[in-house]
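K.L.:
Got a sequence here, can you build the structure:
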Amino acid sequence: MLGAIAGDVIGSVFEGRGHKSVEFDLFRERSTFTDDTVCTVAVASWVLDGGDLAAHLREFGRRHPLRGYGIGFLEWLLVDGMGPYSSWGNGSAMRVSPVAWAYDDEERVLAEAERSAEVTHNHPEGIRGAQATALAVFRARRGADKDEIRRAVESRFGYDLGRSLDEIRPGFEFDESCQGTVPHAIRCVLESHDFESAIRLAISLGGDADTLACIAGSIAEAHYGGVPAAIADEVLGRLSDDLREVTERFRARYCGGPPGRAASARWPASVAAQPGDDDAAAAILALERAALDRWCAGDPSGFLEISAPDVVYFDPYLERRLDGLAALTEYYGSLRGKVFASRYEITGARVQRVGEAAVLTFNFASFGEGGGAHRWNCTEVYRRDPGGWRIIQTHWSFTQGKRG
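P.N.:
As a prediction, this is how the structure comes out:
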């Protein structure tokens, strides 16, 4: 969800100004959060704490007035008991990203996306926009490449994602509808090469820039494995205390990000340029980073969730290979809550793809509070299954020092 907030903050100064270039300073003195962020955080609060979504939206919205709410939503915000008002606006899509991180079943994600929309945006287009965005985020965080994301959204929701941004940009004007926003925001991610470029492309369309960038940012975060640390830190610093608290609590629980700081590590920008399929490399590195973030917080489930049923596993503490997900689950269960690192570093990462398989190799160093480091070599073999890239083989070994 931090990607959505980052897109909103960066796009805030461009809303309605018709900016048609990717060249601009990411942050200005006036860059701030808008209704996109407030509503995204309200949905995250609902996911975290349960209860009535309308109450969460009204609580946060009334706490943060004058943040650019649409007229219909503003009336709903201020009138207790007012029901949905058949909106087809893009507000349902801009706030939906937390549900795509909180659930690990695609149909559940789509059902919760509908629930998150229909409290206000119960028009079919409002629901479609929220569900399409949630599906793109979900597929991206599960390792689907850009072509898979495009096909899934087009086949399920009927959006045309085939027009290039160069075709769209010249005649594009302010459009607050889901159908006039969501497809173009997704297209920005499809044409991007990293998180920042997705945001720049979204703003370069002009029009409802903060919401275009919010939706694009939510998908790009999932696809590229996070928000770059410099952007994340700047954005978190521009949030009010209550918005930051919910954001960090949500990230710690669902996104593998430790509370109180930006993500612990970033893959080198050059990694995806290694020989092979760039989208596959980005997807695999995103999965690995998210799992490592959770591992270093004492939670091995991130690796279990991306391991195939027939996974095999080696590490130096085992006398023999572990065969199958059940055996790995039992082993990782013995380590749950026992492995922690205040930060980690990855060097030498490379993805080599052959058909529907890919090999990821890297060096890993984890650091405790006292500064001591544990250094490892890692090889992961991924296979592309119908649900995305899954680990079928893991091998960890100690990194040896130089020989005399």
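K.L.:
So the nearest residue to V359 once chain neighbours are set aside, which state does it fall into?
P.N.:
The spatially closest residue to V359, leaving aside those adjacent along the chain, is Q352, at 4.9 Å (Cβ to Cβ, 6 or more residues apart in numbering). C-beta here means a position set from N, CA and C on the backbone, and glycine is covered the same way. Using DSSP: H, G, I helix; E, B strand; the rest coil, the structure places Q352 in strand.
K.L.:
Need the pLDDT of Q352.
P.N.:
We note a pLDDT of 91 for Q352 in this prediction.
K.L.:
Show me which residues of the helix-or-strand element of the chain with minimal mean pLDDT are buried.
P.N.:
Sorted by mean pLDDT, DSSP states H and E, the helices and strands of the chain end with helix 278-295, the least confident at a mean of 81. Neighbour counts using 16 or more other Cβ atoms under 10 Å place 278-295 of helix 278-295 among the buried residues.
K.L.:
which element follows it toward the C-terminus?
P.N.:
The helix or strand immediately downstream of helix 278-295 is helix 301-305, counting by DSSP states H and E.
K.L.:
which residues are in contact with that next one?
P.N.:
For helix 301-305, contacts defined as Cβ atoms under 8 Å, 6 or more residues apart in numbering pick out 104, 256, 290-295, 325, 328-329, 332, 391, 394.
K.L.:
what comes up buried for that helix?
P.N.:
Quick answer for helix 301-305 (16+ other Cβ under 10 Å): S301, G302, F303, L304.
K.L.:
can you list those residues in a markdown table and add distance to V96?
P.N.:
Formatted as a markdown table, these follow (distance: Cβ to Cβ, whole Å):
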| residue | distance to V96 |
| --- | --- |
| S301 | 24 |
| G302 | 22 |
| F303 | 27 |
| L304 | 26 |
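K.L.:
can you list these in TSV and add pLDDT?
P.N.:
Shown next, in TSV, are these (pLDDT from 0 to 100):
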residue	pLDDT
S301	89
G302	88
F303	92
L304	92
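K.L.:
Just give me the residue right at the centre of this protein.
P.N.:
A222 (2.9 Å; Cα atoms, centre = their mean).
K.L.:
Surely that one and T133 touch.
P.N.:
No - applying Cβ atoms under 8 Å, one finds A222 not in contact with T133, separated by 10.8 Å.
K.L.:
quick one: common contacting residues for the two?
P.N.:
A100.
K.L.:
In contact with the residue nearest to E288 when sequence neighbours are not counted, which residues are there?
P.N.:
Once flanking residues are discounted, E288 sits nearest to L360: 6.2 Å by Cβ to Cβ, 6+ apart. Residues counted as contacts of L360 (Cβ under 8 Å, 6+ apart) are I284, L285, E288, A349, R350, V351, C378, T379, E380, V381, Y382.
K.L.:
where does the stretch 101-250 of the chain dip in pLDDT?
P.N.:
Within the stretch 101-250 of the chain, no stretch has pLDDT under 70.
K.L.:
residue ranges of the helices in it, please?
P.N.:
106-118, 124-141, 146-157, 165-168, 182-191, 195-204, 209-224, 229-237, 241-250 (DSSP state H, counting those that start in this stretch).
K.L.:
Which positions within the longest one qualify as buried?
P.N.:
It stands for helix 124-141. So helix 124-141, judged by 16+ other Cβ under 10 Å, has buried residues 125-141.
K.L.:
do the first one as well
P.N.:
Of the residues in helix 106-118, E106, V109, L110, E112, A113, E114, S116, A117, E118 count as buried by neighbour count, 16+ other Cβ under 10 Å.
K.L.:
can you put the residues you listed in JSON lines and add distance to V96?
P.N.:
JSON lines is the format used below for these (distance: Cβ to Cβ, whole Å):
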{"residue": "E106", "distance to V96": "14"}
{"residue": "V109", "distance to V96": "9"}
{"residue": "L110", "distance to V96": "10"}
{"residue": "E112", "distance to V96": "9"}
{"residue": "A113", "distance to V96": "5"}
{"residue": "E114", "distance to V96": "10"}
{"residue": "S116", "distance to V96": "5"}
{"residue": "A117", "distance to V96": "7"}
{"residue": "E118", "distance to V96": "12"}
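K.L.:
what's in contact with stretch 7-18?
P.N.:
For stretch 7-18, the surrounding residues in contact (Cβ under 8 Å, 6+ apart) are 24, 26-28, 30-34, 36-37, 40, 68, 94, 173-174, 199, 202-203, 206-218, 231, 235, 238.
K.L.:
Buried ones from those, can you make that a ChimeraX selection?
P.N.:
For the buried members of the contacts of stretch 7-18, the matching ChimeraX selection, counting by 16+ other Cβ under 10 Å, is:
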select :26,27,31,32,33,34,36,37,40,68,94,199,202,203,206,207,208,209,210,211,212,213,214,215,216,217,218,231,235,238
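K.L.:
Could you list the low-confidence segments of the stretch 251-400 of the chain?
P.N.:
256-279, 369-371.
K.L.:
Let me see the ranges of the strands in it.
P.N.:
307-314, 322-323, 343-354, 357-367, 373-385, 388-398 (DSSP state E, counting those that start in this stretch).
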